[in-house]
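K.L.:
attaching a predicted model along with its sequence, questions to come.
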Amino acid sequence: MLPIAALTPAELTAELELEAPWRGKQIFQWLHRSVFDFAEMTDLPQSLRHELAGKALPLSSGVDKVLKDPDGTVKYRIKLLDGLFIESVLLSDRHGRKTACLSTQVGCAMGCRFCSTGRMGLIRNLSDYEIIEQFFLLRKYFSNIDTIVFMGMGEPLCNLVNLSKAVEILNQPLGVNFSLRRLTLSTCGLVKGLRNLVEKGPFIRLAFSLITADPHKRVELMPVSRENSLREIKKELIKYQNITGKRITLEVVLIAGITDRREDLKSLLDFIPPLKVLVNLIPWNPVAELPYEEPSKGKVQWFERQLVDHGIPAAVRFKRGRGVAGACGQLAVL
Ligand code: SAH
Ligand code: SF4
């Protein structure tokens with residue numbers, strides 16, 4: 001059975017050996033209107049619907065478990081065709097706007113010390129259709145989605161080809177027509193991956209998990225920064241910003257006594273220029289067996305105020321989803 005969620009109308013026509021291009025368009029439009037059963041695709045001839053049901057797979061994955069946090073965050077455990085699981089999260093803000101936080105890999109190879117996904121190691125990349133299916137599943141069963149962030153399990157720049165294809169599908173005018181402005185990729189900072197992004201796009205919004213601008217501390221917390229220096233990363237961020245003209249988000253995870261001190265603020269302020277950024281402060285979310293502590297509320301507020309006083313836009317990211325281990329860095333399926 002051929003998974004078809006990541007095929008363009010022209011690819012559907014070719015791969016499914018359809019009689020004419022409009023047939024591919026029809027199927028594409030059904031999928032993007034949340035119809036995944038060929039029997040319900042009423043503008044296709046009965047015989048074709050029957051034939052397609054035997055050879056094409058509109059959804060290869062399915063929601064296996066739904067966990068709702070009282071704060072409105074919903075975490076979905078999704079079962080893939082090969083029996084592996086991933087997690088996707090739907091967040092609502094106080095205005096009711098919905099953000100889907102999607103995964104790009106099963107696990108992650110980067111091994112950041114403070115992150116639950118990092119403890120799993122990498123099991124495999126998600127295919128393009130598995131990335132787009134997360135969106136289809138969350139949307140079909142549960143909600144309208146305003147923005148998408150690729151900040152779930154995995155390092156998106158390690159799976160850029162499949163992610164690009166998923167973005168291309170989301171961006172198709174015939175389909176959901178998601179604008180690139182409403183998509184964000186979050187990376188731990190891989191120089192090679194950033195270079196690829198600068199060369200080929202997709203030019204969606206970019207968030208960089210800086211965590212700390214102190215290079216020694218960064219190496220301790222993020223083994224990946226041994227081969228990816230902040231200097232090299234910054235060069236690529238500047239190029240990306242010159243291309244897109246958009247602010248880059250810096251994600252700073254505040255860990256008590258480790259990344260929330262006065263020195264950390266200073267190194268952050270030194271790191272920023274000439275970038276135009278928005279600093280997202282993320283109080284560390286507890287992960288069982290990790291030796292870190294959450295910062296005090298006062299410390300978080302102090303950090304935010306200091307940044308704002310220095311003219312840097314900053315926001316504290318809500319601690320949403322903690323009740324279901326669905327907050328940043330808490331996603332893991334073993
Ligand atoms: N691999 C990508 C995207 C997934 S991680 C990246 O690292 O950017 C998404 C965000 O969660 C990152 O900014 C990461 O630093 C943050 N994060 C990881 N573990 C966390 C934790 N325990 N508490 C708070 N944020 C965490
Ligand atoms: Fe991977 Fe991101 Fe977690 Fe680091 S923070 S281990 S890059 S998912």
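P.N.:
Yep, it's here. Residues are numbered from 1 along each chain as shown. Ligands and ions are numbered 1, 2, ... in the order given.

K.L.:
use CA for all of it now, contacts and neighbours both
P.N.:
Fine.

K.L.:
list, one by one, the residues from the stretch 51-200 of the chain near ligand 2.
P.N.:
If contacts are counted using CA under 6 Å from any ligand atom, the residues of the stretch 51-200 of the chain sitting beside ligand 2 are 108, 110-112, 115, 117-118, 153-155, 188.

K.L.:
try 8 Å
P.N.:
When proximity is defined as CA under 8 Å from any ligand atom, the stretch 51-200 of the chain approaches ligand 2 at 107-119, 151-155, 186-188.

K.L.:
now, which of those residues lie within helices?
P.N.:
Using DSSP state H to define helices, the subset of those located there is 116-119.

K.L.:
anything in the lowest-mean-pLDDT helix or strand in the chain near ligand 1?
P.N.:
Among the helices and strands of the chain, helix 116-120 carries the lowest confidence by mean pLDDT, DSSP states H and E, at a mean of 92. Yes - remark: helix 116-120 sits within contact range of ligand 1 at 116-117, by CA under 8 Å from any ligand atom.

K.L.:
what helices or strands is that helix leaning on?
P.N.:
When contacts are defined as 3 or more CA pairs under 8 Å, 6 or more residues apart in numbering; DSSP states H and E, helix 116-120 sits against strand 105-107.

K.L.:
ok, back up a step: now, of the residues of the stretch 51-200 of the chain next to ligand 2, which are buried?
P.N.:
107-119, 151-155, 186-188 (16 or more other CA atoms under 10 Å).

K.L.:
all strands of the stretch 51-200 of the chain, in order?
P.N.:
With strands called from DSSP state E, counting those that start in this stretch, the stretch 51-200 of the chain shows them at 56-57, 62-68, 74-79, 85-92, 98-101, 105-107, 122-125, 147-150, 183-187.

K.L.:
that older thread, what's next to the least confident helix or strand of the chain, contact-wise?
P.N.:
Helix 116-120 is contacted by residues 107-113, 153-154, 287, 329-334 when judged by CA atoms under 8 Å, 6 or more residues apart in numbering.

K.L.:
one more time with 10 Å, if that's ok
P.N.:
Here helix 116-120 makes contact (CA atoms under 10 Å, 6 or more residues apart in numbering) with 105-113, 152-155, 222, 285-290, 325, 328-334.

K.L.:
could you list which of these also contact ligand 1?
P.N.:
The subset of these lying close to ligand 1, counting by CA under 8 Å from any ligand atom, consists of 108, 110, 112, 152-155, 285-287, 328-330.

K.L.:
now those residues in CSV, with pLDDT and distance to Gly62?
P.N.:
As requested, those are arranged in CSV below (pLDDT from 0 to 100; distance: CA to CA, whole Å):
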residue, pLDDT, distance to Gly62
Cys108, 97, 21
Met110, 98, 27
Cys112, 97, 29
Gly152, 96, 17
Met153, 96, 17
Gly154, 97, 19
Glu155, 98, 22
Asn285, 92, 28
Pro286, 91, 28
Val287, 90, 27
Cys328, 74, 23
Gly329, 71, 23
Gln330, 77, 21
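
K.L.:
these: which two are farthest apart?
P.N.:
The most widely separated members of these are Glu155 and Pro286, with 20.3 Å between them, by CA to CA.

K.L.:
quick one: is stretch 278-285 near ligand 2?
P.N.:
No - with CA under 8 Å from any ligand atom as the threshold, stretch 278-285 lies outside contact range of ligand 2, at a closest distance of 11.2 Å.

K.L.:
keeping just the C-alphas, turn that stretch into CSV.
P.N.:
These are the backbone C-alpha positions of stretch 278-285, laid out as CSV (Å, rounded to 0.1, in the frame of the first residue of the first chain):
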residue,chain,number,x,y,z
LEU,A,278,12.7,37.5,20.1
VAL,A,279,13.9,35.7,23.2
ASN,A,280,11.7,32.9,24.4
LEU,A,281,12.4,32.1,28.0
ILE,A,282,11.5,28.6,28.9
PRO,A,283,11.6,27.7,32.6
TRP,A,284,13.1,24.2,32.6
ASN,A,285,10.4,21.5,32.7
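
K.L.:
let me see the domain layout of the chain.
P.N.:
Per the record's domain assignment (automatic domain parsing), the chain is made up of the domains 2-57, 62-324.

K.L.:
what's the mean pLDDT across the shortest one?
P.N.:
In this model, domain 2-57 has a mean pLDDT of 97.

K.L.:
ligand 1 contacts on the chain?
P.N.:
Residues of the chain lying close to ligand 1 by CA under 8 Å from any ligand atom are 103, 108, 110, 112, 114-117, 150-156, 185-189, 207-211, 251-254, 282-287, 327-330.

K.L.:
what's the distance between the residue in the stretch 101-250 of the chain positioned nearest to ligand 2 and Asn162?
P.N.:
Residue of the stretch 101-250 of the chain nearest ligand 2, by CA to the nearest ligand atom: Gly118 (3.4 Å). The gap separating Gly118 from Asn162 is 21 Å, by CA to CA, to the nearest Å.
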